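Colleague: Provide a 3D model corresponding to the input given below.
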Amino acid sequence: MSKLPVNSILLIPILFILGFTSKDESRVADFNTYSQQIPGANYDIEMVPIPAGKFLMGSPSDESGRKSDEGPQHEVNISAFWMGKYEITWQQYELFRERKIDDLNDGYTRGKEIDFGVDAVSAATAPYIDMSFGMGKDGYPVINITQLAAATFCKWLSAKTGQFYRLPTEAEWEYACRAGTKTSYSFGNDASKIGDYGWFYDNSDGKYQKIGQKKPNPWGLHDMHGNVAEWTLDEYAEKGYDAYANKTSSNPWSKADKLYPRVVRGGSWYDDPPALRSAARKASDKNWKIIDPQIPKSLWWHTSAPFLGFRIVRPVDTPTKEEIQKYWLKPIEQY
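Modeller: Below is the predicted model:
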């Protein structure tokens with residue numbers, strides 16, 4: 001029996017730890033933190049590797065601040081992916097909204113995961129007011145946008161770079177937030193320490209803050225607790241995880257067939273510490289558009305959600321072309 005090359009032997013434990021199959025071997029060497037260049041702009045998006053693994057999703061019945069929609073706890077397998085180190089900023093998002101760099105690439109070598117260009121991506125309409133509400137844009141996370149707007153940004157970024165980006169599923173989001181922990185927060189159960197890791201009602205001075213000023217979680221992700229709440233892909237179920245009780249699921253995604261409600265995670269600068277727990281969930285609300293004067297309501301903006309933003313993920317295993325399209329949302333009804 002012939003011996004394996006040394007580099008193959010060294011690769012075996014890495015593949016085992018990360019849960020990769022043989023088809024992923026070409027990606028293992030690249031499973032590190034990287035900065036995604038946005039061709040034609042001076043802004044990068046830092047991406048952090050999130051290893052494959054298994055965790056208990058939801059909160060135990062005795063967790064302080066727990067709500068009924070956080071249970072029952074259930075076992076979930078998650079495949080490896082990269083996640084944005086920070087929430088998407090105004091500067092990054094407005095590159096998509098303004099579309100001034102669509103034809104610029106600055107010598108960028110395009111990825112091979114996406115086979116269409118930015119001309120295939122719908123453009124967002126300009127807001128009629130300053131959607132930061134005067135709270136600041138330079139270095140701040142984008143706010144007030146709809147889930148559709150966040151997903152379409154991902155589609156535009158994918159077309160621009162050739163790499164597949166999307167919103168996280170709710171399970172991916174909680175798995176990344178916990179970062180291997182089983183406590184109420186990624187730093188433990190002591191809510192008095194939340195000020196070291198996140199912006200919330202008592203320390204935010206009544207507004208959102210610049211990204212990355214607080215301590216990261218154990219996997220290097222900033223602002224997973226507070227600052228702005230974050231969109232996920234999932235439909236919100238008031239009964240929690242009843243459908244997953246007493247079984248192990250793999251990469252679950254509750255696909256929405258109606259506009260409201262969808263799942264928002266992480267809590268925000270406007271919330272108290274219990275809403276910033278790793279398992280805490282929030283349902284989107286049509287009242288976030290209540291003061292929007294447009295008829296029909298804007299596809300792109302919430303006018304009453306200055307606490308709501310998003311971050312992006314990129315899976316290690318690129319889905320098929322048909323599967324990819326399912327992650328980029330289409331309007332279900334008038335927003």
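Colleague: make it CA atoms for all contacts and neighbour counts henceforth
Modeller: OK.
Colleague: so who does Ala256 touch?
Modeller: Ala256 makes contacts with 234-235, 262, as judged by Cα atoms under 8 Å, 6 or more residues apart in numbering.
Colleague: Dump those residues to a markdown table, plus distance to Phe307, pLDDT and neighbour count.
Modeller: As requested, those are exported to a markdown table (distance: Cα to Cα, whole Å; pLDDT from 0 to 100; neighbours: other Cα atoms under 10 Å):
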| residue | distance to Phe307 | pLDDT | neighbour count |
| --- | --- | --- | --- |
| Asp234 | 19 | 97 | 20 |
| Glu235 | 19 | 96 | 22 |
| Arg262 | 15 | 96 | 22 |
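Colleague: Distance of Trp173 relative to Gly58?
Modeller: From Trp173 across to Gly58, the span is 12 Å (Cα to Cα, to the nearest Å).
Colleague: Pass me the low-pLDDT residue ranges in the stretch 1-150 of the chain, would you?
Modeller: Low-confidence regions of the stretch 1-150 of the chain, defined here as pLDDT under 70, cover residues 1-29.
Colleague: before we move on, back to that, reformat the contacts of Ala256 as CSV; add secondary structure.
Modeller: Shown next, in CSV, are the contacts of Ala256 (DSSP: H, G, I helix; E, B strand; the rest coil):
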residue, secondary structure
Asp234, strand
Glu235, strand
Arg262, strand
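Colleague: nearest to Thr248, of the residues you listed?
Modeller: Within the contacts of Ala256, proximity to Thr248 (Cα to Cα) peaks at Asp234, which comes in at 18.0 Å.
Colleague: Check whether the closest one really touches Glu172, as I assumed.
Modeller: No. Counting by Cα atoms under 8 Å, Asp234 does not reach Glu172; the two are 10.6 Å apart.
Colleague: Measure how buried Thr152 is and give me the count.
Modeller: Neighbourhood size, Thr152 [other Cα atoms under 10 Å]: 25.
Colleague: Could you tell me which residues make contact with it?
Modeller: 121-122, 328-329 are the contacts of Thr152 under Cα under 8 Å, 6+ apart.
Colleague: tell me the SS of it?
Modeller: helix.
Colleague: try Ala279
Modeller: coil.
Colleague: Can you read off the pLDDT for it?
Modeller: Listed pLDDT for Ala279 reads 98.
Colleague: Tell me which residues touch the nearest residue to it once chain neighbours are set aside, please.
Modeller: Nearest non-adjacent residue to Ala279, counting by Cα to Cα, 6 or more residues apart in numbering: Gly58, 5.2 Å away. Gly58 is in contact with 70-74, 279, counting by Cα under 8 Å, 6+ apart.
Colleague: now, among these, which is nearest to Ser35?
Modeller: Distances from Ser35 to the contacts of Gly58, taken by Cα to Cα, are shortest for Ala279, at 28.4 Å.
Colleague: roughly how far apart are that closest one and Asn203?
Modeller: Taking Cα to Cα, one finds Ala279 at 22 Å from Asn203.
Colleague: Neighbour count: the two, which is higher?
Modeller: Using other Cα under 10 Å, the more surrounded residue of Ala279 and Asn203 is Ala279, with 31 against 13.
Colleague: OK, contacts around the more buried one?
Modeller: Contacts of Ala279 (Cα under 8 Å, 6+ apart): 57-59, 70, 174, 184.
Colleague: Downstream of the strand or helix carrying Phe55, the next helix or strand is which one?
Modeller: Using DSSP states H and E, Phe55 sits in strand 53-57. Per DSSP H and E, the first helix or strand lying C-terminal to strand 53-57 is strand 74-78.
Colleague: Output that next one in CSV, but only the C-alpha positions, please.
Modeller: Output of strand 74-78 as CSV, limited to C-alpha atoms (Å, rounded to 0.1, in the frame of the first residue of the first chain):
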residue,chain,number,x,y,z
HIS,A,74,-32.7,21.1,19.9
GLU,A,75,-29.5,19.8,18.4
VAL,A,76,-28.3,21.3,15.1
ASN,A,77,-25.5,20.5,12.7
ILE,A,78,-24.0,23.5,10.9
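Colleague: Residues contacting that strand, please?
Modeller: 52-58, 171-172, 175, 241, 244-252.
Colleague: got the end-to-end distance for stretch 137-148?
Modeller: 21 Å.
Colleague: Could you check that stretch and say which residues are buried?
Modeller: For stretch 137-148, the neighbour count (16 or more other Cα atoms under 10 Å) marks 137, 140-148 as buried.
Colleague: in the stretch 1-150 of the chain, which spans are helices?
Modeller: Secondary structure of the stretch 1-150 of the chain (DSSP state H, counting those that start in this stretch): helices at 6-18, 25-28, 90-98, 147-161.
Colleague: in the stretch 151-300 of the chain, which spans are strands?
Modeller: Taking DSSP state E, counting those that start in this stretch as the test, the strands found in the stretch 151-300 of the chain are 229-235, 249-250, 262-265, 281-283.
Colleague: among those, which is nearest Ile324?
Modeller: strand 229-235 (13.1 Å).
Colleague: List the contacts of that closest one.
Modeller: Against strand 229-235 from outside (Cα under 8 Å, 6+ apart): 147, 150, 167-170, 173, 253-257, 260-268, 307-311, 327.
Colleague: So which of the residues you listed are in helices?
Modeller: 147, 150, 170, 173, 327 (DSSP state H).
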